[in-house]
Structure formats: structure tokens, C-alpha cells
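Asker: Provided below for reference: sequence and predicted model.
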Amino acid sequence: MKRLLPFVAVAAFAAAPAASAPAAPPPVTVEFTLTGLELLPFGGEYLLASTIAGVITDAHVRLNFTTAGTFQAQNFVFEFAGPTGGAGPLVGADLGWQGRGSFSADLHTTACNGEIQMQGDGGGLTFFFMNISPTAESLPTPVQGTLGESFVRLTVQPCTIDWNGDFRRSVQDLFDYLADYFRNSPNADTNNSGEVNVGDIFTYLQLYFAGCGGF
Ligand SMILES: [Ca+2]
Ligand SMILES: [Ca+2]
């Protein structure tokens with residue numbers, strides 16, 4: 001059974017990279033909110049749609065789960081996977097969860113790291129899958145309970161020309177790049193020469209017209 005979840009793309013801008021770092025737009029955080037998700041009693045695939053294009057560098061998983069009925073938290077199973085890899089299965093017992101009550105987990109994983117290349121000007125859908133199910137030992141007792149504040153938060157490094165980090169190539173990227181250029185941001189040093197000058201605009205334009213798949 002597949003269910004389409006709403007998704008929230010949050011552009012969270014991190015601190016500007018140090019001057020020595022190669023020129024690049026800031027990383028973007030994309031969050032799949034799982035809070036209050038209706039659980040399928042015996043598990044199943046939840047389909048999560050996104051428009052991510054870029055390099056995933058971290059996955060932050062936070063789960064807050066409160067059991068209901070006779071379900072035992074050690075039998076909780078969580079899996080998350082996408083085109084670049086997957087996390088889990090995370091089993092309640094391995095998280096130290098035991099019995100009934102409220103339990104939480106907060107972890108980072110590199111298991112989803114990898115690149116989702118932008119196609120054309122971007123905006124294409126990418127799919128991730130999630131499963132929350134009972135362990136085999138739990139059966140016939142289904143998963144029962146509620147998810148409090150829970151999410152999977154991916155950190156994504158947009159491709160160099162996607163300057164505003166919206167996973168599309170558009171003229172807004174040019175404007176945003178030029179804004180950084182004119183305020184002499186070290187981040188605008190696209191040809192890595194150590195200084196920001198007109199050569200960087202040409203390098204940026206060359207990359208821009210090649211598209212994210214072109215370099
Ligand atoms: Ca863009
Ligand atoms: Ca330069």
C-alpha cells in the first residue's frame with residue numbers, strides 16, 4: 001500500500017563557507033515531516049516525493065514514538081530509502097526501546113549520501129520510501145502508537161549553478177550569484193583563483209549554460 005505524504009522543503013542556509021572553500025551555493029535542508037503520521041498496522045511503503053537535485057551529505061533522523069495498546073516498543077521497525085541509499089532497518093530493541101511508553105531516537109547517518117543529478121532545468125520528482133512496521137516477533141500484534149515530533153532531514157549540497165538552492169536552474173540563480181559577486185563574497189570565486197573578479201562571472205555563466213548535468 002502506498003501513501004503520498006506531504007513534504008516540506010525548507011531552505012535553511014548555513015553559515016557561509018570559509019574563504020578557502022571552493023565556490024558553491026550554501027547547503028540546503030530538506031525535511032520529510034513524520035509527526036502525527038498515521039501508521040499502517042502491519043507496515044507498508046510510504047512514498048515521499050521531492051524535487052531534490054544535488055549531493056546528499058547527511059540524513060538526520062528523529063523519532064518520538066509513544067506506544068498504544070499491547071504493542072511493545074522493542075518491536076518497532078523503521079526504514080528509509082531513496083535513490084542514493086537507505087537507512088535502517090532501525091529496530092526498537094537496537095535503539096534501547098523496551099516495553100510500553102514514550103521513546104525517542106535522534107541520529108545522523110551517511111547511509112543516504114550520494115548525488116541525485118538535476119535533469120534539464122530541474123523540478124523533476126524524486127521518490128523516497130519509508131516503512132514503519134512491527135518485527136516478525138511482534139506478530140500478530142500490529143504497530144500501535146503515535147509519532148510525536150519526527151522527521152528525516154536531508155542536507156543537500158546543490159550543484160554549483162543552483163545558487164538559490166531550489167533544485168532548479170533559473171534566471172534567479174544568475175541574479176543571486178551576481179548579488180554575491182557584487183558584494184565581493186569569497187563564495188563567488190567560481191574559478192577558484194583566490195580573488196573575485198570578472199573571470200568568475202564568465203566561469204559561472206559557462207557552467208550555468210552547461211546545466212547541472214554538464215559538469
Ligand atoms: Ca536554482
Ligand atoms: Ca576568481
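Answerer: The structure has been received and is ready for your questions. Ligands and ions are numbered 1, 2, ... in the order given.
Asker: what does this structure have sitting close to ligand 1?
Answerer: Contacts of the chain with ligand 1, taken as C-beta under 5 Å from the ion, map to 162, 164, 166, 168, 173. All C-beta spots, glycine's among them, are computed from the backbone N, C-alpha and C.
Asker: By neighbour count, which of these wins?
Answerer: Neighbour counts for the residues of the chain next to ligand 1, by other C-beta atoms under 10 Å, peak at residue 162, which reaches 26 neighbours.
Asker: Would you check that that residue makes contact with residue 25?
Answerer: Yes. Counting by C-beta atoms under 8 Å, residue 25 is a contact partner of residue 162 at 6.1 Å.
Asker: Would you reformat the residues of the chain next to ligand 1 as TSV and include secondary structure and pLDDT?
Answerer: Formatted as TSV, the residues of the chain next to ligand 1 follow (DSSP: H, G, I helix; E, B strand; the rest coil; pLDDT from 0 to 100):
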residue	secondary structure	pLDDT
162	coil	96
164	coil	96
166	coil	96
168	strand	97
173	helix	97
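Asker: Ligand 2 next: which of those are close?
Answerer: Among the residues of the chain next to ligand 1, no residue sits close to ligand 2 (C-beta under 5 Å from the ion).
Asker: for these, which one is nearest ligand 2?
Answerer: residue 173 (18.0 Å; C-beta to the ion).
Asker: Please name the residues that touch that closest one.
Answerer: 161, 162, 163, 164, 208 (C-beta atoms under 8 Å, 6 or more residues apart in numbering).
Asker: Go again with 10 Å.
Answerer: Contact analysis of residue 173 by C-beta atoms under 10 Å, 6 or more residues apart in numbering lists 25, 158, 159, 160, 161, 162, 163, 164, 165, 166, 204, 208.
Asker: For it, which non-adjacent residue is closest in space?
Answerer: residue 163 (4.3 Å; C-beta to C-beta, 6 or more residues apart in numbering).
Asker: Give me the number of neighbouring residues for the one you found.
Answerer: If we define neighbours as other C-beta under 10 Å, then residue 163 has 28 of them.
Asker: isn't it right up against residue 177?
Answerer: Yes. Assessed by C-beta atoms under 10 Å, residue 163 is found in contact with residue 177 at 4.5 Å.
Asker: what touches both of the two?
Answerer: The contact sets of residue 163 and residue 177 overlap at 23, 25, 187, 188, 190, 204, 208 (C-beta under 10 Å, 6+ apart).
Asker: Kindly report the residues of the chain close to ligand 2.
Answerer: Counting by C-beta under 5 Å from the ion, the chain sits next to ligand 2 at 189, 191, 193, 200.
Asker: can you do 8 Å?
Answerer: With the criterion set to C-beta under 8 Å from the ion, the chain comes near ligand 2 through 23, 188-197, 199-200, 203.
Asker: Of these, which is the most crowded?
Answerer: Note: the member of those with the most neighbours is residue 190, at 26 neighbours, neighbours being other C-beta under 10 Å.
Asker: Would you check how far apart it and residue 213 are?
Answerer: In this view, residue 190 and residue 213 are 18 Å apart by C-beta to C-beta, to the nearest Å.
Asker: Centre-most residue in the chain?
Answerer: Nearest to the geometric centre of the chain sits residue 154, at 2.2 Å (C-alpha atoms, centre = their mean).
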